[in-house]
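Enquirer: Take a look and give me a structure for this.
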Amino acid sequence: MSFCPVSPKLSPTGPIPGSPTTSDPLHGSFRSSLNRAHAEEAERRTQLLLADDKLARLLSVPQVQTRQVPRSRDIFVNRNLRMASVELIGFDMDYTLAIYHMRRLEQLAYDMTLARLICERGYPALIGQLQYDHHFVMRGLAVDKENGNLLKMDRFGYVGRAWHGLRPLEREVWKKLYRNQRVRLKNPQFAWIDTLFALPEAWLFAGVIEVLESLGQRVDYGKLYDDIRESIDAVHRDNSLKREVRKDLGRYIFQDPELGPALHKLRSGGKRLFLLTNSAWDYTDAVMRYLLDGQQAEYPSWRNYFDYIVTLAAKPAFFSEQRPFLELETAGPGEEARVVGEAREVERGKVYQGGNLAQFERHTGYAGEGVLYVGDHIYGDILKSKKSSLWRTCMIVQEIEDEITYTDNQRERIEKLAEVELARERLDDEVAHHKGQLNALDRKLERDGQSAEELAWLEEERKRLKVELDTLRRALREATDIADTLEREVEEGFNPYWGLLFKEGNENSRFGEQVERYACLYTSRVSNFLHDSPMQYYRSPRDLMPHEQAGAGSAKLSQVGSEGPPKGEG
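Expert: Got it, this is the predicted structure:
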């Protein structure tokens with residue numbers, strides 16, 4: 001007969017077996033480590049190190065603050081990065097080195113795309129009366145091609161805001177479509193608006209639906225989106241948009257007087273630089289001459305800043321396909337280049353088009369974490385480079401300057417919101433506690449055998465708790481209404497349709513989550529590197545788990561984040 005020992009009962013007050021106070025721990029030895037003597041020696045050396053007067057004097061002298069720019073132009077860190085380990089830095093051009101005047105370029109792209117929809121796709125001339133609204137669109141929206149909606153999601157993929165045409169989606173429809181499901185962007189039903197170039201197409205999608213459905217016409221949402229996408233792609237593909245931009249670069253592109261000095265500082269710090277752009281040579285040359293020629297005496301031409309120049313790179317295909325490098329023979333300023341032939345190597349002073357990641361690393365001798373790539377596009381520049389290589393990444397998010405400036409100006413209101421939200425949490429807990437006490441009293445009152453005095457006391461106690469519960473419930477409703485009003489005011493003050501770019505409700509937005517997940521660094525413009533050392537060690541705080549935030553001792557270990565792979569990658 002086998003014997004099965006009975007498991008001991010857990011003590012209501014004592015620890016689960018396995019704690020340091022038990023004789024037979026289950027989840028660790030809690031004994032002296034094998035290196036106890038070394039640890040004790042390290043503790044002694046710690047005392048000597050921290051008691052060194054000369055060192056203390058050196059550390060007490062404040063660092064010279066040379067940075068004289070707003071906090072909104074900081075470089076923000078998701079994943080530790082030692083610039084001393086970076087040997088080669090690459091840059092996208094459009095919306096990275098070249099910062100466009102968004103209002104003017106969006107309007108130009110919108111007008112040209114709208115004209116193609118009417119002239120080439122057969123849409124009624126009536127839609128030509130639509131006036132582009134810059135405020136209605138932002139990065140990080142999703143297009144539901146099946147139901148004709150624009151959506152904004154939080155980091156978990158849950159929809160927080162939805163518009164159909166130019167009207168907020170009715171609550172019941174919103175709940176039916178999205179309340180119990182996540183939006184997964186891999187699903188072909190959805191399209192992701194993750195570039196600044198794509199903003200006009202989101203507005204056109206909503207605007208055309210609004211006009212046609214207001215006339216009682218049925219709209220095929222999927223076909224409409226495909227027509228808009230093809231029309232706007234054609235505007236870029238046939239260079240008609242860029243031809244207009246080239247006619248007046250000063251109207252459409254900002255000149256940043258700190259761009260040349262920033263690139264020079266990186267080169268002076270021992271970094272090599274390269275340009276990797278999807279634009280063709282003639283447009284690239286015109287834009288880069290406008291941006292950099294004449295900025296620094298040491299660089300007679302913009303090409304002198306860069307060790308390697310690759311155009312028509314077809315990102316994200318550059319990171320995943322095996323297209324050959326083609327060497328170009330460049331002509332006069334702004335003229336088209338002639339393809340010489342397939343390149344056997346990638347050399348300084350020459351210009352190439354096409355190419356692929358593997359050959360680039362092989363020809364240049366730079367690879368992996370020794371390369372930092374700076375771009376504006378989560379998918380084309382950041383995500384694909386992360387999934388195809390160990391290149392470090394920096395994302396240019398020019399909108400962050402506006403968001404930080406705005407929230408800084410809303411500081412008092414945001415502090416009030418934080419205060420009332422903490423009060424709401426406390427009230428919610430107290431309501432739950434009082435309800436639990438009332439339930440316990442009700443059970444006692446239902447029991448037999450109570451004396452008259454006990455019943456009277458229980459009834460009085462019940463009345464007291466009920467009055468307090470009613471007070472707490474009223475306060476909770478009031479706090480909730482105040483918090484909702486203040487939160488709505490803060491978010492809609494930035495954008496009346498979609499709120500803050502990096503937030504959705506109480507969570508990070510899907511866009512914010514992707515920036516956090518795939519970009520080692522992010523900042524508003526390339527010239528922000530001018531204000532840091534080329535040897536800077538960019539540190540991020542380590543993410544704390546809830547039990548560490550509650551005070552667990554492990555929160556004090558390794559307070560700075562790691563240089564490991566980006567979140568979600570393995």
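Enquirer: in stretch 267-278, what counts as buried?
Expert: Neighbour-count burial for stretch 267-278 flags 267, 269, 271-278 (criterion: 16 or more other C-beta atoms under 10 Å). All C-beta spots, glycine's among them, are computed from the backbone N, C-alpha and C.
Enquirer: Between the two ends of it, what distance do you get?
Expert: 24 Å (C-alpha to C-alpha, to the nearest Å).
Enquirer: Leaving out chain neighbours, which residue sits closest to residue 417?
Expert: residue 486 (4.3 Å; C-beta to C-beta, 6 or more residues apart in numbering).
Enquirer: err, residue 89, not the other one
Expert: Residue 89 sits nearest to residue 372 (C-beta to C-beta, 6+ apart), 4.8 Å away.
Enquirer: ranges for the helices of the stretch 251-400 of the chain?
Expert: Here the stretch 251-400 of the chain has its helices, by DSSP state H, counting those that start in this stretch, at 259-268, 281-292, 317-320, 357-364, 384-388, 399-409.
Enquirer: who wins for proximity to residue 110 among those helices?
Expert: Residue 110 lies closest, by C-beta to C-beta, to one member of the helices of the stretch 251-400 of the chain: helix 399-409, at 18.6 Å.
Enquirer: So what touches the closest one?
Expert: Applying C-beta atoms under 8 Å, 6 or more residues apart in numbering, the contact partners of helix 399-409 are 70-73, 76, 138-139, 414, 490, 493-494, 500-502, 522-524.
Enquirer: Do a quick rundown of the helices in the stretch 451-570 of the chain.
Expert: Using DSSP H, counting those that start in this stretch, helices in the stretch 451-570 of the chain cover 452-494, 510-518, 546-549.
Enquirer: List the contacts of the shortest one.
Expert: Under the contact criterion C-beta under 8 Å, 6+ apart, helix 546-549 has outside partners 554-555.
Enquirer: ok, and the helix or strand in the protein with the lowest average confidence?
Expert: Using mean pLDDT, DSSP states H and E, helix 384-388 stands out as the lowest-scoring helix or strand of the chain, at a mean of 69.
Enquirer: ok so, going back, restricted to strands, list the contacts of helix 399-409.
Expert: Secondary structure defined by DSSP state E assigns 76, 522-523 of these to strands.
Enquirer: Tabulate those residues (a markdown table), appending neighbour count and distance to residue 86.
Expert: Below are those laid out as a markdown table (neighbours: other C-beta atoms under 10 Å; distance: C-beta to C-beta, whole Å):
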| residue | neighbour count | distance to residue 86 |
| --- | --- | --- |
| 76 | 19 | 17 |
| 522 | 22 | 16 |
| 523 | 24 | 15 |
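Enquirer: Between the residues you listed, which sits nearest residue 555?
Expert: Relative to residue 555, the closest of the ones in strands among the contacts of helix 399-409 is residue 76; by C-beta to C-beta it sits at 21.9 Å.
Enquirer: Now do the same contact list for that closest one.
Expert: 400, 521-523 are the contacts of residue 76 under C-beta under 8 Å, 6+ apart.
Enquirer: what about 6 Å?
Expert: residue 522 (C-beta atoms under 6 Å, 6 or more residues apart in numbering).
Enquirer: Excluding chain neighbours, what is closest to residue 108?
Expert: residue 244 (6.0 Å).
Enquirer: For the helix or strand encompassing that neighbour, buried residues please.
Expert: Using DSSP states H and E, residue 244 maps to helix 240-247. Judged by neighbour count using 16+ other C-beta under 10 Å, the buried positions of helix 240-247 are 241-242, 244-246.
Enquirer: follow-up on the earlier one: for residue 44, which of the helices of the stretch 251-400 of the chain is the nearest?
Expert: helix 259-268 (42.9 Å).
Enquirer: what bridges to residue 508?
Expert: Counting by DSSP bridges, residue 508 forms beta bridges with residue 503.
Enquirer: Setting aside sequence neighbours, what's the nearest residue to residue 459?
Expert: Closest to residue 459 by C-beta to C-beta, 6+ apart is residue 445, at 7.4 Å.
Enquirer: How much space separates the one you found from residue 457?
Expert: 11 Å (C-beta to C-beta, to the nearest Å).
Enquirer: what do you get for residue 238?
Expert: 87 Å.
Enquirer: Make sure the residue nearest to residue 459 is actually in contact with residue 456.
Expert: No: judged on C-beta atoms under 6 Å, residue 445 makes no contact with residue 456 at a distance of 11.0 Å.
Enquirer: Just the strands from the stretch 51-200 of the chain, written as ranges.
Expert: Along the stretch 51-200 of the chain, counting by DSSP state E, counting those that start in this stretch, strands occupy 76-77, 81-82, 88-91, 141-144, 149-153, 159-164, 167-168, 190-193.
Enquirer: was I right about residue 116 contacting residue 231?
Expert: Yes: in this structure residue 116 lies within contact range of residue 231 using C-beta under 6 Å: 4.1 Å.
Enquirer: In terms of packing, which of those two has more residues around it?
Expert: More neighbours surround residue 231 than the other of residue 116 and residue 231, with 22 against 18 (other C-beta atoms under 10 Å).
Enquirer: Would you reformat the buried residues of helix 240-247 as JSON lines and include distance to residue 83 and pLDDT?
Expert: Shown next, in JSON lines, are the buried residues of helix 240-247 (distance: C-beta to C-beta, whole Å; pLDDT from 0 to 100):
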{"residue": "241", "distance to residue 83": "36", "pLDDT": "93"}
{"residue": "242", "distance to residue 83": "33", "pLDDT": "92"}
{"residue": "244", "distance to residue 83": "38", "pLDDT": "95"}
{"residue": "245", "distance to residue 83": "33", "pLDDT": "95"}
{"residue": "246", "distance to residue 83": "35", "pLDDT": "94"}
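Enquirer: Which single one of those is nearest to residue 164?
Expert: Nearest to residue 164 among the buried residues of helix 240-247, with distances taken as C-beta to C-beta, is residue 241, at 28.8 Å.
Enquirer: Does the closest one touch residue 235 like I think?
Expert: Yes: at 4.7 Å, residue 241 counts as touching residue 235 under the criterion of C-beta under 6 Å.
Enquirer: where do the helices sit along the stretch 51-200 of the chain?
Expert: 53-60, 102-119, 171-174, 199-214.
Enquirer: Ok, which of these comes nearest residue 150?
Expert: It's helix 199-214; of the helices of the stretch 51-200 of the chain, that one is closest to residue 150 (C-beta to C-beta) at 5.7 Å.
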